[in-house]
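>>> Just the structure for this:
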Amino acid sequence: MKLIRYGESGKEKIGVQIEDRNYDVSAFGGDYNEEFFADNGLARLEEFVKANEGNLIEIPADARLGAPFVRPSKIVCIGLNYKDHAEETGAKIPAEPIIFMKSTTALVGPNDQVMIPKNSLKTDWEVEFGIVIGKKASYVDENEALDYVAGYVLHNDVSEREFQLERGGTWDKGKGCDTFAPMGPVMTTADEIPDINSVRLWLKVNGKMYQDGNTSNLIFNVPFVVSYVSQFMTLLPGDVISTGTPAGVGLGFNPPIYLQPGDIIELGADHLGVQRQEVVAFSK
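Reported below is the predicted structural model:
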């Protein structure tokens, strides 16, 4: 299945995408939250959709899409997880995954505006393949890690490089600004992706292709990452792990290229759909 949420920000309704068309499933009840994933929600929703085949109401094509799940308890990110990205930023290849956190208040829909933070001069882009956890995970073995995955989501890990790298402390400062985590348009369930080790992901700014990578080039793959993160924190149903970005970020160019108001970001990944964001200047 492919899960969607649509409607006014903060008042989204639930839906599913079937053959590239979006349908309302509000009658199923609830929302795509921790309780949904923990309580066998995907299986129950699948039964609901089958039972109502032909009777679901199609959502207008111009309806706003929100993130395809409720704000999770945490968004965990893996840094420098593509060799080519590490090299372009001048960083060493990590011996173990680099973990940082992204504020959940950064979560927005796939086509919502990206707002440059106050006093920012170095806002950047990062297309990423995100993992959505399906059940509580703590000290998970790598060979069982995929049993804890509900599905996958496209994520633009928008980043402010000065805040991240020049202001001291952890990377989190440059990762959690408002609108810095567009996710969606869909959460694709794990069974719908034939090979998670071969997913193309790409990103364009103003029509120019900057990133064109593949999960086959991850330094630490999905099962390893799920297991690894679970050694340091308990992952709850609905939590997101973002697996890192391939080469082609603005920081990696000489001179660097950073986002400006009016820029248009487009990004996509196999099986996960496409996002489009207009960059806007800071406003309260």
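
>>> ranges for the helices of the stretch 151-284 of the chain?
Assignment of helices within the stretch 151-284 of the chain using DSSP state H, counting those that start in this stretch yields the ranges 161-165, 222-230.

>>> In JSON lines, list the ones you listed along with mean pLDDT.
Listed next are the helices of the stretch 151-284 of the chain as JSON lines, based on pLDDT from 0 to 100:
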{"stretch": "helix 161-165", "mean pLDDT": "95"}
{"stretch": "helix 222-230", "mean pLDDT": "98"}
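
>>> which of those is buried the deepest?
helix 222-230 (a mean of 21; mean count of other C-beta atoms under 10 Å). Any C-beta I mention is one placed from the backbone N, CA and C, and that applies to glycine too.

>>> elements contacting that one?
strand 75-79, strand 127-133, strand 240-242 (3 or more C-beta pairs under 8 Å, 6 or more residues apart in numbering; DSSP states H and E).

>>> Identify whichever of those strands lies nearest to residue 281.
Of all these, strand 127-133 sits nearest to residue 281, with 22.9 Å by C-beta to C-beta.

>>> any idea how far the closest one is from the chain center?
5 Å (C-alpha atoms, centre = their mean, to the nearest Å).

>>> ditto for stretch 157-173
18 Å.

>>> Can you tell me what sits against it?
Here stretch 157-173 makes contact (C-beta atoms under 8 Å, 6 or more residues apart in numbering) with 77, 79, 100-103, 106, 114, 117, 120-128, 174-175, 177, 179-182, 242, 245, 249-251, 256, 258.

>>> Pull out the buried members of those.
Among the contacts of stretch 157-173, those scoring as buried are 77, 79, 100, 102, 106, 114, 117, 120, 122-128, 174-175, 177, 179-182, 242, 245, 249-251, 258 (criterion: 16 or more other C-beta atoms under 10 Å).

>>> how far is the longest helix along the chain from where the chain is centred?
As assigned by DSSP state H, the longest helix anywhere in the chain is helix 41-51. With C-alpha atoms, centre = their mean as the basis, helix 41-51 stands 24 Å off its chain's centre.
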